[in-house]
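Engineer: Fold the following, please.
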Amino acid sequence: MPATPSARRLLGAERHALAEILKQRYAAGESIRTIAKDIGRSYGCVHRLLIDVGTEFRSNGGDRRNPC
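Structural biologist: I've put the predicted structure just below:
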């Protein structure tokens, strides 16, 4: 996906369409940081877009079970 100019505000249908695409990428396993870097937006911007479309977030850090 091409970068979106970070100085340009995303509004209305364009914002919703981008948020849906980002939701699919996140659901496929990409991290928010990777997505943000790829589209030229901040982590916070991508996180807000994902919240707006009802994304269920993964827990932080991975598997914390003790292997011993």
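Engineer: where are the low-confidence patches of this structure?
Structural biologist: Low-confidence segments of the chain, defined by pLDDT under 70: 1-7, 62-68.
Engineer: Show me where it has its helices.
Structural biologist: Listed in chain order, the helices found in the chain under DSSP state H are 12-27, 32-39, 43-52.
Engineer: Adding distance to Asn60 and mean neighbour count, write those out as CSV.
Structural biologist: No exception for glycine: its C-beta is placed from N, CA and C like everyone else's. Listed next are the helices of the chain as CSV, based on distance: least, C-beta to C-beta, whole Å; neighbours: other C-beta atoms under 10 Å:
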stretch, distance to Asn60, mean neighbour count
helix 12-27, 14, 15
helix 32-39, 11, 17
helix 43-52, 13, 17
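Engineer: Of all those, which one is nearest Arg58?
Structural biologist: helix 12-27 (8.3 Å; C-beta to C-beta).
Engineer: related to what we said a few turns ago, which among the helices of the chain is found nearest to Gly61?
Structural biologist: Shortest distance between Gly61 and those, using C-beta to C-beta, is found for helix 32-39: 13.8 Å.
Engineer: tilt between the closest one and helix 12-27?
Structural biologist: 130 degrees (axes from the mean of the first three to the mean of the last three C-alpha atoms, to 10 degrees).
Engineer: Point out the other helices and strands that helix 32-39 packs with.
Structural biologist: Here helix 32-39 touches helix 12-27, helix 43-52, going by 3 or more C-beta pairs under 8 Å, 6 or more residues apart in numbering; DSSP states H and E.
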